[in-house]
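In: Here is the input, now give the coordinates:
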Amino acid sequence: MERKNRIERRWVSLKVNGDLKAYVLLDETLRCKALQFLVNALSEMYPLLSYENCAMPHIPAAGRALYCQSPVFVDDKMPRAGLCVTSRHIVFLVIAVDHRAESMLGFRRTLLKTYESHCAWRNVFENALPLLCSDSIGDIKQVLHPIEENFKLAAHVYNSSKVTKQLLRLSSSNDPSKPWYLRVSSFLRILEYSYVPNIYCEGISITIIDILFLFYIIELLKSRKLLLVEFPQIERWLKVMYHKQSSMFCGDPVGSFDRSPCSDSELIPQTDIELIRSEKENHWSNHYNPGEGRSNLISLIIDSTGPPPIVPHPYYDFITSFEWKNVPRWADPGRHVPEKRASRKRQQILSLASAVLDVISGRPNQVIVDLCSGGGHVGLLLAFLVPDDYSIVLVDNKSESLGQAMQRIEDRRLSNANSSIPDNIFCVQCSIDEFIGDFDIGVTLHACGGSTDIVLDMCFGKKAAFVVCPCCYGNVRKMTNFQYPRSEKFRSKEIVREEFLFMTKGADNTGVDEQAEICMGIVDHDRLSHAQELGYSTTLTKLVPPEASPKNSLLIGQFESVTIT
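Out: Next up is the predicted model:
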């Protein structure tokens, strides 16, 4: 696999108490500079952490780190890419020797964890703020306004009633070490409502979110792109950081920031109690009401674009005659899920893997990337089915899932200890759009919402084949960087985004609404029409059997300039 070094990169070693623990691959992008800012801040708070430049380490994960955008955290297990993932793992190194650092990751260590409620911060740090700082791409008010409003709300605190009672008791004590904010009457008034205000970005303690946000705010102020007068709550937070965490400000970089002394009461956010009480979560309802309007829209789309061209699975006979008893434990997904799910999971995985076998027929030395791989079910079965000269990369952003996959990879090695088995399957922890290595075939099973379209776009960019089973169609509404419908074929029929999203929402009710499967077919027809416009030959088929999953569409594509012998 070719490694994409788009800009010059360098290695840094991380030490805790003088012991080498890990490496980080950096470049000169703002995300890497933000990470260096974080490491410097952590080194001030926890002097046991240190780092220095070094040569490329001689461990397998180091070479695989080159397949990802920087920053990349590398230990003896796998490369982990992305500012947020790397930041979390550096904090974990500190926590191992100083448990006080746990507060940097918030309750249950969930801050910046991929699938937690704080994912909004991930997008801000990984995408929105770097673009604002470097290229002025984006609307600064649109990016910062949600953060400004968040300071007016209550912090996300587990068992807030209990916490506020504990804080109120501590405030009335004579303990000289009690936090400064417990001496401020306006803070105590908020506690009496059983709310904890956001003094910092996520509550009353500084976390890695505050440190990363501080880096970007300083960058915006230095470039004069940010007027704090437009964001009074962010300005208040900045004063808290300056007066309570002054060591993080190197020299005097914040020219337009008022650093004059202020009282502690000025550092307490103006929490809006009424806003908190009336706050209602905006969500997209899972309930979809059938109606004449939708039926008419379905008819209009099918009349203008034609029905979805669904054909039988190309490896139907192979699937129906497959003997799972011949599959080793490490490759069998049914051995790694609850028994009641085993049969359906095997059907789903085999349907996808067998479609890959059809695509690769006659092609030697291929690289298959299993994107959104989870525990590696698809990739590990492929490792059993494909020739030994193939390479398989499992890409996912969840550390726990990849940990399960790595254990099965080790089981594979141990079960073949007396034979020659290639080291041709490995894991990379990163978001799918941070993977930059070359590959020949991209596969994904039930990538949520717009992640399916990201996978397809990655394949289009490499002219790679794809085998994709989509999921969570309604979630494509969140993808503001994609045009929907995707294809010119659909857009030329004057099908607008709102109508198309109407179809995606309807597609999520498979198993409940008989028209949902038609909606699903329309959405996937558009995806494959877009692929055809880019030079792909495509197939739309179903899992075998279709009852293996309510989301049972299988999209297969090969770039036509590739000849199969």
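In: Show me the strands in the protein, by range?
Out: In the chain, the strands defined using DSSP state E lie at 10-16, 19-26, 49-54, 72-74, 79-81, 367-371, 391-396, 425-429, 441-448, 465-471, 536-542, 553-559.
In: number of nearby residues for the closest residue to residue 430 other than its chain neighbours?
Out: Spatial nearest neighbour of residue 430, chain neighbours left out: residue 81 (3.6 Å); criterion: Cβ to Cβ, 6 or more residues apart in numbering. In this view, the C-beta of every residue, glycine as well, is placed from N, C-alpha and C. Residues lying near residue 81 (other Cβ atoms under 10 Å) number 25.
In: ok, residue 392 touching residue 425?
Out: Yes - with contact defined as Cβ atoms under 8 Å, residue 392 and residue 425 form a contacting pair (4.3 Å).
In: If you count surrounding residues, which of these two has more?
Out: Counted by other Cβ under 10 Å, residue 392 and residue 425 do not tie: residue 392 has more neighbours, with 26 against 23.
In: re earlier: turn the strands of the chain into a markdown table, columns for distance to residue 486 and mean pLDDT.
Out: As requested, the strands of the chain are exported to a markdown table (distance: least, Cβ to Cβ, whole Å; pLDDT from 0 to 100):
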| stretch | distance to residue 486 | mean pLDDT |
| --- | --- | --- |
| strand 10-16 | 39 | 97 |
| strand 19-26 | 34 | 97 |
| strand 49-54 | 44 | 96 |
| strand 72-74 | 31 | 98 |
| strand 79-81 | 27 | 97 |
| strand 367-371 | 18 | 98 |
| strand 391-396 | 22 | 97 |
| strand 425-429 | 27 | 96 |
| strand 441-448 | 15 | 95 |
| strand 465-471 | 12 | 97 |
| strand 536-542 | 13 | 97 |
| strand 553-559 | 12 | 97 |
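In: out of those strands, deepest packed?
Out: Comparing the strands of the chain by mean neighbour count (mean count of other Cβ atoms under 10 Å), strand 72-74 comes out on top with a mean of 28.
In: chain center to stretch 88-106: distance?
Out: Distance of stretch 88-106 from the chain centroid (Cα atoms, centre = their mean, to the nearest Å) equals 21 Å.
In: residues in contact with it?
Out: Where contact means Cβ atoms under 8 Å, 6 or more residues apart in numbering, the residues beyond stretch 88-106 that reach it are 14, 16-17, 21-22, 24, 35, 38-39, 42, 45-46, 48-49, 73, 75, 80, 109, 111-113, 118, 202-203, 205-208.
In: If you count neighbours, what's buried in that stretch?
Out: Neighbour counts over stretch 88-106 (16 or more other Cβ atoms under 10 Å) mark 88-95, 98, 101, 103-106 as buried.
In: from these, which ones fall inside helices?
Out: Judged by DSSP state H, helices contain the following of the buried residues of stretch 88-106: 88, 89, 90, 91, 92, 93, 94, 95.
In: of all those residues, which comes closest to residue 138?
Out: Of all these, residue 88 has the smallest distance to residue 138: 25.0 Å, by Cβ to Cβ.
In: any weak-confidence spans in the protein?
Out: Scanning the chain for pLDDT under 70 picks out 1-6, 114-119, 136-137, 250-256, 275-294, 418, 511-512, 561-565.
In: Now with 50, please.
Out: Low-confidence segments of the chain, defined by pLDDT under 50: 3-5, 116-118, 280-291, 562-565.
In: Might you calculate how far the longest helix anywhere in it sits from the centre of the chain?
Out: The longest helix of the chain (DSSP H) is helix 339-360. When distances are taken as Cα atoms, centre = their mean, helix 339-360 is centred 25 Å away from the chain's centroid.
In: what angle separates it from strand 441-448?
Out: Counting by axes from the mean of the first three to the mean of the last three Cα atoms, to 10 degrees, helix 339-360 lies at 150 degrees to strand 441-448.
In: which outside residues touch helix 339-360?
Out: Contact with helix 339-360 is made by 313-315, 318-319, 322, 324, 332-335, 337, 366, 368, 377-378, 381-382, 385-386, 390, 441, 443, 445-446, 465, 467, 469, 541, 543-545, 547-549, 554, 556, 558, as judged by Cβ under 8 Å, 6+ apart.
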